[in-house]
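Enquirer: fold the following for me, if possible:
(2 chains)
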Amino acid sequence: MSKAGTSALNSLPVFFAHALALETEAAERYQELADVMAVHNNPVAAELFHKLAGYGHQHAAEVRDMMKNAEPVSLAPWEYDWGGVEAPETSAMADADYRMTSAHVMQMALKTEQAAHDYYASVAAEASDDEVRRLAQEFAEEEAGHVEYVKQWIARNPVALEELPEDDDPAHMPE
Amino acid sequence: MTANPRAAKAYKSSLKPVWCPGCGHFAVLSAATKAFAHLELEQKDVAVVSGIGCSSRVPAYMSTYGFHGIHGRALPLATGLKATRPELTVVVSGGDGDGFSIGGNHFLHACRRNVDLTYIVMDNEVYGMTKGQASPTTAPDWLHGKLTPQGSGTRPFNPAAIALSSGASFVARAFSGQPNEIARILCEAISHRGFSFVQVLSPCPTFCPEQKKWKQVVRAFDDGPTVNVEEALSRVYADDGYSTGIIYQDSHPVWQPTLGEEVNVRAFEQEFAI
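Expert: Prediction:
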């Protein structure tokens, strides 16, 4: 992942706008994945994604609470300085499959939690504003905790990830 | 930067998409709602019109006005709507089959007429809703279509080139793997006065899983939009179809009929009374 453009993040309101978007977009994508898994009759993945969405909304509320006295800033979607195509904690819809198991879901979560950690760590390392640096460090540590939690979950539930389960009636089966 | 209280989520309806997990269309839906939010459009001032196909389900997933029309006829529907309600922002959504095959003729004339519409085509090079047949943009040697197991053998349609040569005043290409870039292009397209055509490369994970590789080959055009149609066509023909960005944008006369007096039904009936 390329480093965040710290020039844009040397202002506390801009940093908060990024943190809020990061959590909100992650939660909304998890919810979107939960919904589509439910539609495709994969209740296990749906429930896990729904839980992850809940955590995301909770974190977004925490950020919103922290920024309530900060000057409100709104950026266009393409003005966020993510160093990537989307906010780092947002799961790529392209990585989803209707046959995903809980292990696949958690691998997806691990990837995005790690990306969120790396993002905050890069801001903490390069921001010149003291408060931005301090908060980015705090958020990076929090994301590191999430990474550890997901890793422990995966260690407790070791399953093969290479293959997706067989579907005897796939959508592309000839009529 | 200004504070914008409108959330993209507000433009989504409560209906959950039935698209396959991994489908590129999710990104287009998300990008369109972000664009509406950024432009601070009121839901009541936006109408999304579509034809038939997976991507044509978009109006149902939005909280704006919408019309899920018949196959290939989204552009005439939208043209009629814009002609009578010019104050509305009219966005048309559909796929490559709906737009370039069944509705191909309408596409040519919508470009030529330059009605103030934004046409988003989610191009996955396949008829997905009917379980995987070759569409006008399918490669001739694509072997996975049940009706064309040895490939269609026909040259694919070049949407950007057709739009340019038919007179479209705004032509762009985007990729579903870059939703924020789609939002930027859609903001430009909606703000453009005239017919804006946005082709979005939107992989179908079910019938064309090989399209997952698109993210490795998609890149931005080297140059920004041009006002020179010959130059734009040269860029499009020199490209392999995976370059993205706004290709062409110019100011053309916009087709917008002057609305006459409303018909008085009684006078009308009297005129034709026997």
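Enquirer: quick one: name the residues of the stretch 51-200 of chain B near chain A.
Expert: Applying CB under 8 Å from any CB of the partner chain, one finds that the stretch 51-200 of chain B approaches chain A through B:Lys131, B:Gly132, B:Lys146, B:Ser176, B:Gly177, B:Gln178, B:Pro179, B:Asn180, B:Glu181, B:Ala183, B:Arg184, B:Cys187. In short, each C-beta sits where N, CA and C put it, glycine included.
Enquirer: so the third one: helix, strand or coil?
Expert: Okay, so that is B:Lys146. When the structure is reduced to helix, strand and coil (DSSP: H, G, I helix; E, B strand; the rest coil), B:Lys146 reads as coil.
Enquirer: quick one: contacts for residue 85?
Expert: I went with chain A, as the question did not name one. When the contact criterion is CB atoms under 8 Å, 6 or more residues apart in numbering or on different chains, the partners of A:Val85 are B:Gly177, B:Gln178, B:Pro179, B:Asn180, B:Glu181.
Enquirer: hm, I was asking about chain B
Expert: Counting by CB under 8 Å, 6+ apart, B:Arg85 has contacts B:Ala47.
Enquirer: neighbours of B:Leu88, how many?
Expert: Here the number of neighbours of B:Leu88 (other CB atoms under 10 Å in any protein chain shown) works out to 18.
Enquirer: wait, isn't it in contact with B:Ala78?
Expert: No - taking contact to mean CB atoms under 8 Å, the distance of 9.8 Å between B:Leu88 and B:Ala78 leaves them out of contact.
Enquirer: who touches both of those two?
Expert: Residues touching both B:Leu88 and B:Ala78 (CB under 8 Å, 6+ apart): B:Ala47.
Enquirer: wait, isn't A:Met93 in contact with A:Asp35?
Expert: No - counting by CB under 8 Å, A:Met93 stays clear of A:Asp35, with 11.8 Å between them.
Enquirer: these two: who's more crowded?
Expert: Each of A:Met93 and A:Asp35 had its neighbours counted (other CB under 10 Å), and the higher figure belongs to A:Met93 (24 against 18).
Enquirer: can you turn the buried part of the residues of the stretch 51-200 of chain B next to chain A into a ChimeraX selection?
Expert: With 16 or more other CB atoms under 10 Å in any protein chain shown as the criterion, this ChimeraX line picks the buried residues out of those:
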select /B:131,132,176,177,178,179,180,181,183,184,187
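Enquirer: any idea how far A:Asp130 lies from A:Ala124?
Expert: 11 Å (CB to CB, to the nearest Å).
Enquirer: which parts of chain A are helices?
Expert: Secondary structure of chain A (DSSP state H): helices at A:12-39, A:43-66, A:102-126, A:130-156.
Enquirer: I misspoke; the intended subject was the stretch 151-274 of chain B.
Expert: Using DSSP state H, counting those that start in this stretch, the helices assigned to the stretch 151-274 of chain B run over residues B:159-165, B:179-191, B:214-217, B:229-238, B:265-271.
Enquirer: ok, residues contacting the last one?
Expert: Contacts of helix B:265-271 from elsewhere in the structure, counted by CB under 8 Å, 6+ apart, are absent.
Enquirer: which positions in chain A make contact with chain B?
Expert: Residues of chain A that fall close to chain B, judged by CB under 8 Å from any CB: A:28, A:32-33, A:35-40, A:72-80, A:85-86, A:92-98, A:100, A:171-172, A:174-175.
Enquirer: what subset of these is buried?
Expert: Among these, those classed as buried by neighbour count (16+ other CB under 10 Å) are A:28, A:32-33, A:35-40, A:73, A:75-78, A:80, A:86, A:92-98, A:100.
Enquirer: returning to what we had before: looking at the residues of the stretch 51-200 of chain B next to chain A, which has the smallest pLDDT value?
Expert: pLDDT across these is lowest for B:Lys146, at 84.
Enquirer: mind checking the backbone torsions on that residue?
Expert: The main-chain torsion angles of B:Lys146 are listed as degrees, to the nearest 10 and equal phi -70, psi -30.
Enquirer: would you check that A:Ala109 makes contact with A:Val150?
Expert: Yes - assessed by CB under 8 Å, A:Ala109 is found in contact with A:Val150 at 5.2 Å.
Enquirer: more neighbours: those two, which one.
Expert: Per other CB under 10 Å, whichever of A:Ala109 and A:Val150 has more neighbours is A:Ala109, with 25 against 21.
Enquirer: if I look at that one, how far off is A:Tyr30?
Expert: Relative to A:Tyr30, A:Ala109 is positioned 8 Å away (CB to CB).
Enquirer: same check on B:Lys34?
Expert: With the distance defined as CB to CB, B:Lys34 ends up 18 Å from A:Tyr30.
Enquirer: do A:Val147 as well
Expert: 16 Å.
Enquirer: and the two? Which one has more around it.
Expert: Ranked by neighbour count (other CB under 10 Å), A:Val147 and A:Tyr30 place A:Tyr30 first, with 27 against 20.
Enquirer: which residue is the nearest non-sequential neighbour of residue 49?
Expert: If you meant another chain, say so; for now it's chain A. Distances taken as CB to CB, 6 or more residues apart in numbering or on different chains place A:Ala34 nearest to A:Phe49, at 3.7 Å, with adjacent residues excluded.
Enquirer: actually it's chain B I care about, not the one you picked
Expert: In space, B:Val49 comes closest to B:Ala78 once its chain neighbours are excluded; the distance is 4.2 Å by CB to CB, 6+ apart.
Enquirer: low-confidence stretches in the chain?
Expert: Picking chain A for this. Counting by pLDDT under 70, chain A shows low-confidence ranges at A:1-8, A:160-162, A:172-175.
Enquirer: the intended chain is chain B.
Expert: Judged by pLDDT under 70, chain B has its weakly predicted residues at B:1-5, B:261.
Enquirer: so A:Val132 sits against A:Pro13, correct?
Expert: No - proximity of A:Val132 to A:Pro13 does not meet the contact threshold set by CB under 8 Å, at 10.0 Å.
Enquirer: who's more crowded, these two?
Expert: Taking neighbours as other CB under 10 Å, A:Val132 and A:Pro13 compare with A:Val132 leading, 23 against 14.
Enquirer: can you name the residues that contact that one?
Expert: Neighbouring residues of A:Val132 by CB under 8 Å, 6+ apart: A:Leu9, A:Asn10, A:Ser11, A:Leu12, A:Phe15, A:Val123.
Enquirer: same deal with A:Leu33?
Expert: Counting by CB under 8 Å, 6+ apart, A:Leu33 makes contact with A:Ala45, A:Phe49, A:Ser91, A:Met93, A:Ala96, B:Pro21.
Enquirer: now do the closest residue to the first one other than its chain neighbours against B:Lys16, distance only.
Expert: Right, the one you point to is A:Ala45. Distance criterion CB to CB, 6+ apart; nearest residue to A:Ala45, sequence neighbours excluded, is A:Met37 at 4.2 Å. In this structure, A:Met37 and B:Lys16 are 10 Å apart, going by CB to CB.
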